[in-house]
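could you look at this predicted model? Sequence included:
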2 protein chains.
Amino acid sequence: MGKTGQTIFLKNKPRIIGNYSLVGSKEGNGNFKRYFHKILDDDMQGEKSFEKSERQIAIQVVEGAIDDAGLKKSDVDLMLSGDLLNQIISSSFAARELKLQYLGLYGACSTMALTLGVGAVLVDGGYVNKVTCSTVSHFSSVERQYRYPLELGNQRPPTSQWTVTGSGCTILSDKGSDVCLTSGTIGKVVDFGILDANNMGAAMAPSAVSTLLSHFKKTKTKPADYDLIVTGDLGKLGSEILLDLMEKENCPLGENYNDCGQMIFSSSQRVYQGGSGAGCSASVLNAYIIPKLQSGELKKVLFCATGALLSPLSTQQGESIPGICHALTIEKEEN
Amino acid sequence: MGKTGQTIFLKNKPRIIGNYSLVGSKEGNGNFKRYFHKILDDDMQGEKSFEKSERQIAIQVVEGAIDDAGLKKSDVDLMLSGDLLNQIISSSFAARELKLQYLGLYGACSTMALTLGVGAVLVDGGYVNKVTCSTVSHFSSVERQYRYPLELGNQRPPTSQWTVTGSGCTILSDKGSDVCLTSGTIGKVVDFGILDANNMGAAMAPSAVSTLLSHFKKTKTKPADYDLIVTGDLGKLGSEILLDLMEKENCPLGENYNDCGQMIFSSSQRVYQGGSGAGCSASVLNAYIIPKLQSGELKKVLFCATGALLSPLSTQQGESIPGICHALTIEKEEN
């Protein structure tokens, strides 16, 4: 941005020194079964409401990442978090329990990239040393807020995605690891007029195109330069739309492209287009992608979390669904 | 934070190069009548819903500030915004219309300090050149979301505050003005167990104490070092609680303390404890405080926006109201 167009370059390469993922039982039976740090037996965790359980997940994932980094809570300078519930209460109430300085962000399902991106800038610029970047979603609290009460037993349309009960937290620091963030592109809001809250992949795909094209241009990279280009949760249909649109832009994504929503559930789990929710890309990033970077199996990843910036209220007032996508380059440094 | 405790020091002093305020007709009849840049005759502005009108305000205030700075929209690198509506739709949909890169933040009524603070870090670190920092609230959309439908004609309790229909936008840049941000303190979530959504001032005052004490300590300043210490919207009761609590902490605030919620309406306007809402501190900052810094009548201001991080859902589930406060030092540079 400014001098550099819309991409931010992180000269000091903020390091990933801790990561943690926590998912519900359905997600725990999916494709990343053996990667998640913790799988819940009971999505309610003995709490009285889905929302209170979601908050517990938001707390546990930050504590898990702090442990993973070998830190104490008092070592953390700032907690960056956001979620899908109205007024991001899961994050705010988690911050209350954790007693950390707190910066709340909202980017719907793009929130993991938003917290990581803002955290990376704060660390890169030397303003703070250690930040937690996290987000959470819970299938049951989201369904009843955005769509229908579960008790209604609504039939799910074939374009629908399954909101992930899950969460991820990444800890960034100025030193202490060879896995680092090197650049990021903050997206524009793009709206192609999709009106159906059960077709979010189609609503978000054009914003991913916009951000990907900017990111490639400003960083002077091409799709083949990345071992993995992964979108947040476009799902199967949204991913196909993205692949088509990128082809039309003469910037085809190759075999190295995938989508967290498409990856998280197995085909036998009957979730139609795949997973969605802020916790989808957050849990896959922290359970699978970051460890693969740590082990060296992946060297350079473009993590593009996508968000549908709708509200039940905007839908009721006849508005279409705006999408946004924020992209981050995560690399393993060469020795 | 980190090396510096929880306060961020802005070495390059991001400059305020544009500011704009826009309020509803009731606010326009209050104490800052002659300071607001624009006063609406009709809070609906011909739109079909309060929410659509709120979005128009969010758009107009950013455009107004861009004009004030003598810029074009294409000069702006990034729009930082948040608001009180579920999923911050006023901000997201405004960003869609404005076609700007967009970073969404949520801090309830503390949002003006949050967007300014994050924007200041992005400019200070050289990541972007020009950012818009804004927030908005609308009495009618907020009342029906957080409390009761207006049509119900509920009686307002004496501890209540009146949500401001209003908005403010500040443009930060790396150069171009002698009014600048020099430091900021991101707050912790503090909860003293207030359960009454009509008593937000009391809920937020303890968080202001926490942030003020940290800010004074880390910046090695005392209350008398500021020409004005101004909280967001504690209102009359909340401000009295803050003054009491600061006295008990042996850090009394003096005559230079005031509160935007207390200042915005005149005593004849029958709003009980005063104004509230994200647009309260945002409009007072941009209409009154920044111009007084520009003219030199104020030299050093501590702007402490406070937020109540509740949701109707958290209240319904029996939760108390957590508060947060973010503080920013805004100064006029000596020649």
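Thanks, I have it.

okay, helices next: where are they in the stretch 151-300 of chain A?
Counting by DSSP state H, counting those that start in this stretch, the stretch 151-300 of chain A has helices at residues A:200-219, A:235-248, A:260-264, A:278-284, A:290-295.

let me see the ranges of the strands in chain A.
Assigned strands in chain A, in chain order: A:7-9, A:15-23, A:38-39, A:78-83, A:102-104, A:130-137, A:162-163, A:166-173, A:179-185, A:228-231, A:257-259, A:275-276, A:300-308, A:323-332 (criterion: DSSP state E).

would you turn these into CSV with mean neighbour count and distance to chain B?
For every residue, glycine as well, the C-beta is placed using N, CA and C. Listed next are the strands of chain A as CSV, based on neighbours: other C-beta atoms under 10 Å in any protein chain shown; distance: least, C-beta to the nearest C-beta, whole Å:
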stretch, mean neighbour count, distance to chain B
strand A:7-9, 21, 5
strand A:15-23, 27, 14
strand A:38-39, 17, 24
strand A:78-83, 30, 6
strand A:102-104, 27, 4
strand A:130-137, 32, 7
strand A:162-163, 26, 14
strand A:166-173, 32, 9
strand A:179-185, 25, 8
strand A:228-231, 25, 18
strand A:257-259, 22, 22
strand A:275-276, 34, 15
strand A:300-308, 28, 9
strand A:323-332, 27, 7
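
among those, which is nearest B:N250?
Between B:N250 and these, the tightest spacing by C-beta to C-beta is seen for strand A:102-104, at 26.5 Å.

highest mean neighbour count out of the helices of the stretch 151-300 of chain A?
Of all the helices of the stretch 151-300 of chain A, helix A:278-284 has the most neighbours on average by mean count of other C-beta atoms under 10 Å in any protein chain shown, namely a mean of 36.

so what touches it?
Outside helix A:278-284, the residues that touch it by C-beta atoms under 8 Å, 6 or more residues apart in numbering or on different chains are A:21-23, A:27, A:32, A:36, A:57, A:82-84, A:108-113, A:134-138, A:163-169, A:230-233, A:260-261, A:263-264, A:303, A:305-307.

over to stretch A:242-259?
Here stretch A:242-259 makes contact (C-beta under 8 Å, 6+ apart) with A:205-206, A:208-209, A:212-213, A:216, A:222-224, A:226-236, A:238-239, A:274.

beta-bridge partners for A:C180, please?
For A:C180, the beta-bridge partners under DSSP bridges are A:R15, A:E331.

adding mean pLDDT, write the helices of the stretch 151-300 of chain A out as CSV.
Listed next are the helices of the stretch 151-300 of chain A as CSV, based on pLDDT from 0 to 100:
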stretch, mean pLDDT
helix A:200-219, 95
helix A:235-248, 96
helix A:260-264, 96
helix A:278-284, 98
helix A:290-295, 98
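
between those helices, which gets nearest to A:L98?
Evaluated over the helices of the stretch 151-300 of chain A, closeness to A:L98 peaks at helix A:278-284, with 17.0 Å, by C-beta to C-beta.

let me know whether A:A113 touches A:T231 as I believe.
No: taking contacts as C-beta atoms under 8 Å, A:A113 lies outside contact range of A:T231: 10.3 Å.

would you confirm that A:L309 contacts B:I89?
Yes: at 7.2 Å, A:L309 counts as touching B:I89 under the criterion of C-beta under 8 Å.

circling back: can I get the helices of the stretch 151-300 of chain A in JSON lines including distance to B:K130?
Formatted as JSON lines, the helices of the stretch 151-300 of chain A follow (distance: least, C-beta to C-beta, whole Å):
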{"stretch": "helix A:200-219", "distance to B:K130": "17"}
{"stretch": "helix A:235-248", "distance to B:K130": "30"}
{"stretch": "helix A:260-264", "distance to B:K130": "33"}
{"stretch": "helix A:278-284", "distance to B:K130": "29"}
{"stretch": "helix A:290-295", "distance to B:K130": "33"}
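
tell me the mean pLDDT for stretch A:169-178?
Averaging pLDDT along stretch A:169-178 gives 97.

which residues touch that stretch?
A:12, A:14-21, A:61-62, A:64-66, A:68-69, A:71, A:76, A:116, A:119-120, A:123, A:126, A:129-134, A:181, A:282, A:285-286, A:290, A:294, A:332-333, A:335.

output that stretch as CSV, nothing but the C-alphas.
Output in CSV follows, covering the C-alpha atoms of stretch A:169-178 (Å, rounded to 0.1, in the frame of the first residue of the first chain):
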residue,chain,number,x,y,z
CYS,A,169,-4.1,-19.7,17.7
THR,A,170,-0.6,-18.7,16.4
ILE,A,171,1.9,-16.9,18.5
LEU,A,172,4.2,-14.4,16.8
SER,A,173,7.5,-13.1,18.1
ASP,A,174,10.4,-11.1,16.9
LYS,A,175,12.7,-14.2,17.2
GLY,A,176,12.8,-17.8,18.0
SER,A,177,11.8,-19.8,14.9
ASP,A,178,12.6,-20.2,11.2
